[in-house]
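build me a structure from this.
(one chain, ligands or ions: 1)
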Amino acid sequence: MPIEWNEKEEVFHLYNGKVSYFIQIVHGKYPAHLYWGRQVKTRQPSSILAFKGRAFSPTTEPEDPKFSLDTLPQEYPAYGNGDFRSPAYQLLSEDGSTITEFVYNSHEIFQGKRPLKGLPAAYVEDDSEADTLIITLVDSLLGVGLNLHYTIYSDLDVITRSASFENLGNREVELHKCLSMSVDFHQADWDWLHLHGTWSRERHIERQPLHHGLQTISSTRGASSHQHNPFVALLSKNANEESGDVYGVSLVYSGNFQAAIEVDPFQTTRLSIGINPFDFTWLLKPGETFQTPEAIMVYSSDGLGGMSRTYHKLLRTRVCRGVYRDKTRPILINNWEATYFDFNEKKLKEIAEAGNELGIELFVLDDGWFGHRDNDKSSLGDWVVYQKKLPNGLAGLADYIGKLGMKFGLWVEPEMVSPDSELYRRHPDWCLHVPGRRRTASRNQLVLDLSRKEVCNYLIDTLSKVFKSAAISYVKWDMNRNMTEIGSAALPPERQRETAHRYMLGLYRILEKLTERFPAILFESCSGGGGRFDPGMLYYMPQTWTSDDTDAVERLKIQYGTSLIYPAITMGAHVSDVPNHQVGRTTPLLMRCHVAMAANLGFELNIDKLSEGDKTLVAAQIQQYHQIKDLVCFGDQFRLLSPFAGMDTAWMYVSPKQERAVVFYYKTLAVPNPPFFRLKLRGLKREAMYKVNNGDKVFYGDELMQIGLTLPLIKKDYSSFLYRIEKVN
Ligand code: DGJ
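Just a heads-up that it's a prediction; the model follows:
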């Protein structure tokens with residue numbers, strides 16, 4: 001059993017052959033963090049902790065003056081009874097106090113992993129894949145139970161954690177903070193790394209040394225956000241792509257979150273993640289339970305690359321669900337950048353026909369097909385076809401596309417309502433708002449109040465009708481603003497600050513219902529590009545539109561940063577027109593193809609207007625993509641050169657048996673009189689022999705990895721190369 005309870009030592013050991021995680025119940029009461037990292041054996045785990053009485057650190061145990069919660073490395077710390085660091089939770093009781101004392105009560109260990117009610121989470125397909133520990137603590141004065149959930153996967157270096165509060169008493173309590181996990185590391189000489197950005201510039205990498213005190217990233221936008229991804233990592237100073245200790249925590253949640261790291265004076269590092277406590281409360285009535293979202297914790301001794309490959313495998317196989325989980329995705333063409341709102345049936349057919357001739361498999365009709373939507377000022381909420389643009393309805397267009405031999409896909413933005421819409425005129429109180437206050441618009445739209453059951457039911461029914469109205473195989477689910485005036489007309493005053501989380505629960509319920517009802521549809525989530533690229537969304541929709549920025553150069557950074565956590569199979573990547581609509585840059589079509597081919601390939605341009613030469617190039621790259629897409633989707637990714645470090649970017653995808661690989665290399669700006677450059681590959685079998693692009697020469701794996709692949713001298717800006725590596729028998 002990979003979770004052991006050593007009763008004498010009062011220590012839990014979670015292990016899987018590669019990773020160990022130790023928790024000690026100190027003084028029979030307090031869950032202390034002993035260790036998380038490479039698997040270790042220890043006969044006296046309880047001797048890991050060392051104690052010393054410190055000035056100004058209060059002691060709770062009169063017979064043990066060296067002991068203080070203030071210096072104890074903890075698992076789920078409180079504030080107010082001895083620990084002055086940032087707590088994992090805070091409860092307000094009816095008497096106005098926030099003082100709590102949760103102490104160990106019992107525990108349960110079992111094989112497998114239970115789903116979290118109403119929330120996305122990592123899962124198992126067979127109980128043998130993971131083991132779970134639930135430690136139950138109780139505050140007897142409050143009559144509240146606290147369950148700490150830990151699951152360790154057998155074949156992945158992953159531990160998942162969450163917490164649930166159960167009101168066992170007969171008085172109400174109010175949760176003010178309840179994070180998903182907290183760990184106190186016994187050292188502080190780390191760097192920390194996170195992904196930041198904005199619209200059209202998502203998930204850029206930032207790595208910094210830790211400083212004493214708190215460092216946080218968060219979202220208050222009602223979405224996980226373009227600005228910060230719900231992920232943070234601690235890295236040993238020497239950690240790089242290939243080696244060194246890396247600890248990642250990622251939150252399976254799509255709303256407001258906070259990740260915090262606090263270094264205390266004794267070099268303890270507290271790492272935590274969960275729902276953002278800012279502007280959050282939750283009233284817990286007697287008999288009720290509150291379940292936090294889940295955190296996915298990954299330890300890697302193989303640097304960032306090792307961490308990413310673990311996240312990739314877990315997200316791809318045990319977070320994403322549905323028939324498309326294990327399938328490569330159709331190559332699509334989307335009309336957005338080709339037409340924006342200015343299209344009619346004829347124009348759409350021309351794009352689809354031209355795409356079809358080149359080998360594109362799916363046509364996606366983007367924004368502007370419903371209500372009277374000629375621009376972004378109206379009609380969100382009115383999910384009926386715009387007859388002026390589509391006189392034969394969705395079914396007419398979908399049939400036409402189907403007859404071409406292509407699939408048909410549709411864009412929707414269900415969570416929103418335009419003030420100029422029938423829906424808003426009928427139900428002005430169905431949007432998030434605060435009575436008497438301005439309803440602040442963003443992109444001329446308001447946010448529907450998904451904390452209300454009737455609004456969610458309306459969306460489930462309306463969208464079901466739309467999805468049934470034509471042969472729809474793909475849906476792009478967009479969300480183009482963040483929340484303001486977060487309040488609900490349906491909630492009492494004491495529950496107003498629950499609105500943002502209730503919204504997420506409502507959204508997850510809608511997505512659960514629709515994906516259950518339409519299992520054959522491939523759903524792609526989007527929020528103005530990658531504004532909600534998170535594991536929560538991936539649980540329902542197995543791919544995300546990575547960014548509205550389709551410029552090949554900008555995309556290198558965006559896709560590289562995204563790949564720290566998310567596998568290529570979850571990223572939508574399109575070839576678009578030049579000069580690029582976001583940055584005005586002109587890059588060659590080949591490089592645009594090569595960048596998009598490193599994820600789920602799509603196109604988003606007037607493909608019918610391409611020159612014959614460009615059409616030939618696109619058709620050839622589509623053929624090439626078919627040869628490599630299984631590697632991109634299911635292979636192990638190795639990042640070779642970072643766009644954040646210079647003008648060269650390279651990454652490769654290796655088949656699980658290391659028999660095939662595809663390498664992408666991109667050079668943004670050429671240098672005069674360049675030296676020869678050898679690209680060192682990774683992930684191959686050292687002693688196996690490989691051919692490159694089916695050439696005459698044969699190379700050993702270690703030769704390609706240690707000496708490298710010699711690249712041609714590059715004399716042009718925006719050059720790119722794709723190498724197919726195949727094992728020779
Ligand atoms: C934002 C998306 O990211 C775009 O791809 C496009 O679908 C527009 N919304 C449509 O309004």
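
residue boundaries of the helices in the protein?
In the chain, the helices defined using DSSP state H lie at 303-318, 336-339, 345-358, 393-404, 422-426, 453-468, 499-517, 535-540, 552-562, 589-596, 612-634, 701-702.

quick one: distance of the fifth one to the chain centre.
The chain centre lies 34 Å from the centre of helix 422-426; the measure is Cα atoms, centre = their mean, to the nearest Å.

dump that helix to CSV, restricted to CA.
What follows is helix 422-426, C-alpha atoms only, in CSV (Å, rounded to 0.1, in the frame of the first residue of the first chain):
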residue,chain,number,x,y,z
GLU,A,422,-34.0,40.0,-26.6
LEU,A,423,-32.6,38.0,-23.6
TYR,A,424,-31.6,41.1,-21.8
ARG,A,425,-34.9,42.9,-22.5
ARG,A,426,-36.7,39.8,-21.1
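
what residues does it touch?
Residues outside helix 422-426 that contact it (Cβ atoms under 8 Å, 6 or more residues apart in numbering): 371, 380-382, 417-418, 430-431, 446. C-beta here means a position set from N, CA and C on the backbone, and glycine is covered the same way.

among those residues, name the buried ones.
Applying 16 or more other Cβ atoms under 10 Å to these, the neighbour count classes 371, 380-382, 417-418, 430-431, 446 as buried.

from the chain's centre, how far out does stretch 581-596 sit?
25 Å.

repeat for stretch 389-404
Centroid separation for stretch 389-404 versus its chain: 34 Å, with Cα atoms, centre = their mean.

so how far is residue 77 from residue 51?
From residue 51 across to residue 77, the span is 16 Å (Cβ to Cβ, to the nearest Å).

neighbour-wise, which of the two wins?
Neighbour totals were compared for residue 51 and residue 77, and residue 77 leads with 27 against 13 (other Cβ atoms under 10 Å).

for the more buried one, which residues are in contact?
Contacts of residue 77 by Cβ under 8 Å, 6+ apart are 69, 83, 85, 87-88, 182, 184, 270.

of these - the most surrounded one?
Most neighbours among the contacts of residue 77, by other Cβ under 10 Å: residue 88, with 29 neighbours.

from residue 165, how far out is it?
Going from residue 88 to residue 165 by Cβ to Cβ gives 11 Å.

overlap in contacts of those two?
In contact with both residue 88 and residue 165: residue 178, using Cβ under 8 Å, 6+ apart.

the nearest residue to residue 683 once chain neighbours are set aside: what's it in contact with?
Excluding its sequence neighbours, the residue lying closest to residue 683 (Cβ to Cβ, 6 or more residues apart in numbering) is residue 654, at 3.9 Å. For residue 654, the contacting residues are 631, 635-636, 638, 660-661, 682-684, by Cβ under 8 Å, 6+ apart.

what of residue 20?
Contacts of residue 20 by Cβ under 8 Å, 6+ apart are 13-14, 35-40.

which of the residues you listed sits closest to residue 590?
Nearest to residue 590 out of those is residue 38 (Cβ to Cβ; 43.2 Å).

what's near enough to touch the nearest residue to residue 396 once chain neighbours are set aside?
Of all residues not flanking residue 396 in the chain, residue 390 sits nearest, at 7.0 Å (Cβ to Cβ, 6+ apart). Residues near residue 390 by Cβ under 8 Å, 6+ apart: 344-345, 369, 396-397.

gap between residue 390 and the ligand?
17 Å (Cβ to the nearest ligand atom, to the nearest Å).

what is the burial count for the residue in the chain that the ligand sits nearest to?
Using Cβ to the nearest ligand atom, residue 367 is the residue of the chain that sits closest to the ligand, at 3.5 Å. The burial count assigned to residue 367 is 21, neighbours taken as other Cβ under 10 Å.

wait, doesn't residue 187 sit right on residue 271?
No. Between residue 187 and residue 271 there is no contact under Cβ atoms under 8 Å: 11.8 Å.
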